[in-house]
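**Student:** Let me see the structure of the following:
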Amino acid sequence: MDGATLALPLLAALVGVALFFDFLNGLHDAANSIATIVSTRVLRPQYAVLWAAFFNFAALFVFGLHVATTIGTGIISPSIVDPQVVFGALMGAIVWNILTWILGIPSSSSHALIGGLLGAGIAKAGFGVVVWFGVIKTASGIVLAPVLGMLLALFLTLAVSWLFVRTTPYNVDQVFRLLQFVSASLYSLGHGGNDAQKTIGIIAVLLYSQGLLGSEFSIPYWVIFTCYAAMGLGTLMGGWRIVKTMGSRITRLTPVQGFCAETGGAIMLFVATHFGVPVSTTHTITGSIIGVGAARRMSAVRWKVANDIVFAWIITIPAAASIAAVFYLLAGLLG
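**Tutor:** All right, here's what the predicted structure looks like:
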């Protein structure tokens, strides 16, 4: 694959692979948006995915493009990006996503893509191409997103419990069954706003490497629209294996807890997206669910399941990077 002379059909095919990853991202991470509202039985799964997919796409009109810029220019130097690097990065992320989806492991599509970029970029030009500021910012999100999501959800649960202490459990349940529609909408907006932008950044840097964006990095509107649409379609297809893990295996949820988990997670995602930090929506909602479970009692959280999920987080970037490096080298041999 020659970055300077890539034929238009091959370029279109590579953009198609990127959009397939975006679709897979929505499919893989659908559980992040709907697990709580499904597990509390506020919405049936088929309606929940419609709800989440709509707000995933609606995020197009809410957020800027700070995360897309981080992915496009802040992980590896854009000057070394070529179609072979993009192909390796995407395949590393796709293979890891499919593997964890089959196993029902809620790993991070975001960090799989970042690992893919690092693996393919380092395979091409060594560690000197890594943009350490962007990588450190992203790595901090790996820790901060679930921790802050957990603390926010824990605080919200305690605050709501105090505010409604004199209200009957039935009335509380009815109020928060309605409020969960709001919290689920906000979380789906945050999910779409942060995750769709990762593929936007990949496609934009690919077009930039081909000289199709001029001398300065920019993002065409058609890229933004198609990426949000692809992700929304993926969410629409659902991710039922992971819904079970997220919605019930970590801790059992009530509508009050579902509202607090989604709201805490949404606040975290909105802040991260504003500052251009490509956090994991999987990490965020998992931390939030743990937070509401721990507010009830520490034993309400199934810590063995949580530990397995944390292990998946730790290995995602190096695993995706290794796969991406292999595909980069294979593409070079075949090219």
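
**Student:** after the longest helix along the chain, next one along is what?
**Tutor:** Longest helix in the chain by number of residues, with DSSP state H as the criterion: helix 169-209. The helix or strand immediately downstream of helix 169-209 is helix 221-237, counting by DSSP states H and E.

**Student:** Quick one: list the elements packing against that next one.
**Tutor:** With contacts taken as 3 or more Cβ pairs under 8 Å, 6 or more residues apart in numbering; DSSP states H and E, helix 221-237 sits against helix 8-39, helix 45-58, helix 169-209. For every residue, glycine as well, the C-beta is placed using N, CA and C.

**Student:** Those helices into JSON lines, with extra columns for distance to Met268?
**Tutor:** Formatted as JSON lines, the helices and strands packed on helix 221-237 follow (distance: least, Cβ to Cβ, whole Å):
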{"stretch": "helix 8-39", "distance to Met268": "12"}
{"stretch": "helix 45-58", "distance to Met268": "16"}
{"stretch": "helix 169-209", "distance to Met268": "8"}
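
**Student:** Of all those, which one comes closest to Leu65?
**Tutor:** helix 169-209 (6.3 Å; Cβ to Cβ).

**Student:** Which elements pack onto the closest one?
**Tutor:** So helix 169-209, by 3+ Cβ pairs under 8 Å, 6+ apart, packs with helix 8-39, helix 45-58, helix 66-73, helix 83-103, helix 109-125, helix 221-237, helix 255-274, helix 281-296.

**Student:** Would you reformat those helices as TSV and include mean pLDDT and distance to Ser161?
**Tutor:** Output for the helices and strands packed on helix 169-209, formatted as TSV (pLDDT from 0 to 100; distance: least, Cβ to Cβ, whole Å):
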stretch	mean pLDDT	distance to Ser161
helix 8-39	81	17
helix 45-58	85	26
helix 66-73	88	34
helix 83-103	88	35
helix 109-125	91	32
helix 221-237	91	32
helix 255-274	90	8
helix 281-296	79	8
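
**Student:** related to what we said a few turns ago, what's the angle between the longest helix of the chain and helix 281-296?
**Tutor:** Angle, helix 169-209 to helix 281-296, by axes from the mean of the first three to the mean of the last three Cα atoms, to 10 degrees: 160 degrees.

**Student:** Next one: the residue lying closest to Pro45 once chain neighbours are set aside relative to Glu262, how far apart?
**Tutor:** Nearest non-adjacent residue to Pro45, counting by Cβ to Cβ, 6 or more residues apart in numbering: Val38, 5.2 Å away. Distance from Val38 to Glu262, counting by Cβ to Cβ, to the nearest Å: 12 Å.

**Student:** One more: Val165?
**Tutor:** Val165 is 22 Å from Glu262, where distance means Cβ to Cβ.

**Student:** Where does Val279 sit: helix, strand or coil?
**Tutor:** Assigned with DSSP: H, G, I helix; E, B strand; the rest coil, Val279 falls in the coil class.

**Student:** Give me the neighbour count for it.
**Tutor:** By other Cβ atoms under 10 Å, the residues close to Val279 number 30.

**Student:** quick one, what contacts it?
**Tutor:** Val279 sits next to Ser110, Thr138, Gly141, Ile142, Leu144, Ala145, Asn194, Met268, Leu269, Ala272 when contact means Cβ atoms under 8 Å, 6 or more residues apart in numbering.
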